[in-house]
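> 3D model of this:
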Amino acid sequence: MPGLPTWCPGKSLFMIPIQIQTETIRLSQLLKLADVVQDGSEAKFRIANEEVMVNGALEVRRGRKLRNGDLVEFAGDTYEIVANAPTS
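Numbers count the residues shown, from 1 in each chain. Here you go, the predicted model:
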């Protein structure tokens, strides 16, 4: 579940933190966790359709492993991976 957005200095957008309890998460899993796609097949379609950027570069691999601090841009929003964050 996405956290509260935080301002991203130097850019006119907010970053939405996504907390994960593991060291890595696959890109398709992140899109589902962030609740921006309905299922894995939609995630696969969006990624293959070149709608997702990771750390400022276009990403077409749905299995791309994301780590703490990685930034994912999709549909005008930016999501920041926060690994091993405490749950509240």
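> Following the least confident helix or strand in the chain by mean pLDDT in sequence, what is the next regular element?
Least confident helix or strand, the chain: strand 6-7 with a mean of 55, by mean pLDDT, DSSP states H and E. Using DSSP states H and E, the next helix or strand after strand 6-7 towards the C-terminus is strand 14-20.
> what are the pairing partners of the helix or strand following that next one, and which direction each?
Proceeding C-terminally, strand 14-20 gives way to strand 24-26 as the next helix or strand, assigned by DSSP H and E. Listed by DSSP bridges, the sheet partners of strand 24-26 and their directions read strand 65-67 (antiparallel).
> Who does the next helix-or-strand element following the partner strand pair with, and is each partner parallel or antiparallel?
For strand 65-67, the following helix or strand on the C-terminal side (DSSP H and E) is strand 71-74. For strand 71-74, the pairing partners within the sheet under DSSP bridges are strand 52-54 (antiparallel), strand 77-83 (antiparallel).
> Of those strands, which is nearest G40?
strand 52-54 (13.9 Å; C-beta to C-beta). For the C-beta atoms, the positions are set from N, CA and C on the backbone; glycine is no exception.
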